[in-house]
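Peer 1: Everything below, folded, please.
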Amino acid sequence: MKSCDIAIIGAGPAGLYAAYYAGFRGFSVVVVDALAEAGGQVTAMYPEKDIFDVAGFPKVKGRDLIDGLLAQAQMFSPTFHLSEQVTQLVSAGDAVEIATESGLSISAKAVIITGGIGAFTPRAIPVGMEWLGKGLVHFVPKLSDHADKDVVIVGGGDSAFDWAVSLHPIARSVTLVHRRDAFRAHAATVDAVKAMGVRLITSAEVSAISGDDVVRSVTVTHKESGAEETLPAGTVVAALGFVANIGPIATWGLELEKRHILVNTSMMTSLERVFAAGDIATYPGKVPLIAVGFGEAATAVNNAAPFVNPEEGVFPGHSSGSSSD
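Peer 2: Numbers count the residues shown, from 1 in each chain. The predicted model follows:
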């Protein structure tokens with residue numbers, strides 16, 4: 001069994017900042033995440049997307065944000081265990097013990113859960129799933145993979161329109177297909193896509209995907225007329241959202257509210273020594289922004305401090321009074 005001061009479950013933005021802040025306070029840290037790479041949703045789903053709610057940056061690409069958070073956390077040498085899903089958590093006495101699916105056991109004086117929205121499974125499109133990995137994708141982690149290709153994006157939410165904005169400058173063509181007339185995406189992004197000249201096909205559904213060894217075309221059926229239209233396609237982006245599942249977290253005895261962990265003003269959960277921060281945490285007035293998650297992570301670390309060392313106070317003093325050497 002490994003021992004540490006603070007164990008962090010989740011290596012997304014909030015988890016990485018919590019790892020940095022706990023290290024800044026002089027605590028030993030272990031970070032565990034089920035994904036193979038640090039960064040959570042940002043790395044898995046939109047590394048090339050511009051993020052606008054991080055203080056100090058007019059905008060920052062998801063990949064660059066995660067790189068910066070990793071560099072910041074690694075100043076204090078946290079231990080990372082990736083591709084490890086935590087299956088058990090027990091808070092007892094002066095420690096919290098967690099165990100992973102592979103058999104890794106960790107004993108920590110406090111735990112901070114920063115598991116985002118939990119595990120997320122992309123929603124399948126009604127047809128053509130046999131082309132997954134052969135031109136059909138759910139995410140666009142690397143824009144250059146789709147350069148000079150005819151791209152068909154299926155969906156009407158923020159991800160669909162964000163990828164349309166990002167891919168338009170490098171793709172041969174971008175067409176967005178949505179089964180309704182109205183879109184769920186932010187109005188400003190919809191206007192930007194329209195201004196680019198991206199073709200929007202509404203009240204229509206993809207009825208077939210064709211190709212040889214890879215995708216070559218998409219057939220779209222217009223709902224009102226029943227007419228079919230064939231579009232050239234080297235890439236089909238199925239951006240229909242995803243189903244989130246908090247998985248084993250639901251069995252740990254935490255007080256939950258709609259797949260989120262309830263916390264108090266110190267970010268403590270219903271279990272002593274167990275805190276939560278980021279998208280997985282909820283409380284009255286919660287605003288689910290990355291910027292908010294950073295503050296929650298710092299709050300959780302500071303309130304965990306007395307559990308790590310009873311002589312530690314919650315308030316750490318101002319960082320401007322500390323040497324960076």
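Peer 1: Can you spell out the domain ranges of this structure, please?
Peer 2: 2-120+243-321, 124-240 (automatic domain parsing).
Peer 1: Deepest-packed of those, please.
Peer 2: Stretch with highest mean neighbour count among the domains of the chain: domain 2-120+243-321 (a mean of 19; mean count of other Cβ atoms under 10 Å). C-betas here are computed from N, CA, C, even on glycine.
Peer 1: Break down the stretch 101-250 of the chain into its helices, ranges please.
Peer 2: Applying DSSP state H, counting those that start in this stretch to the stretch 101-250 of the chain gives helices spanning 158-167, 187-196.
Peer 1: mind listing what Gly157 touches?
Peer 2: Going by Cβ atoms under 8 Å, 6 or more residues apart in numbering, Gly157 touches Phe183, Arg184, Ala185, Ala239, Leu240, Gly241.
Peer 1: Confidence-wise, which of the helices of the stretch 101-250 of the chain is weakest overall?
Peer 2: With a mean of 91, helix 158-167 has the lowest mean pLDDT of those.
Peer 1: quick one: stretch 161-175 to chain centroid distance?
Peer 2: 22 Å (Cα atoms, centre = their mean, to the nearest Å).
Peer 1: Identify the residues contacting that stretch?
Peer 2: For stretch 161-175, the external contacting residues (Cβ under 8 Å, 6+ apart) are 46, 48-49, 140, 143-144, 146-153, 176, 183, 185-186, 189-190, 192-193, 196, 198-201, 231-232, 234-235, 237, 239.
Peer 1: now the helices of the stretch 101-250 of the chain as TSV including distance to Glu37?
Peer 2: Converted to TSV, the helices of the stretch 101-250 of the chain look like this (distance: least, Cβ to Cβ, whole Å):
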stretch	distance to Glu37
helix 158-167	19
helix 187-196	26
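Peer 1: Looking at the ones you listed, which is nearest to Asn303?
Peer 2: Go through the helices of the stretch 101-250 of the chain one by one with Cβ to Cβ and the one that ends up closest to Asn303 is helix 158-167, at 33.0 Å.
Peer 1: the inter-axis angle of that closest one versus helix 187-196?
Peer 2: Inter-element angle recorded for helix 158-167 and helix 187-196: 40 degrees (by axes from the mean of the first three to the mean of the last three Cα atoms, to 10 degrees).
Peer 1: Show me where the stretch 51-200 of the chain has its strands.
Peer 2: With strands called from DSSP state E, counting those that start in this stretch, the stretch 51-200 of the chain shows them at 60-61, 79-81, 86-92, 95-100, 105-113, 119-122, 136-137, 150-154, 173-177, 199-201.
Peer 1: Least confident of those strands, on average?
Peer 2: strand 119-122 (a mean of 72).
Peer 1: ok, back up a step: out of the helices of the stretch 101-250 of the chain, flag the one nearest Ile209.
Peer 2: Per Cβ to Cβ, nearest to Ile209 of these: helix 158-167, 16.8 Å.
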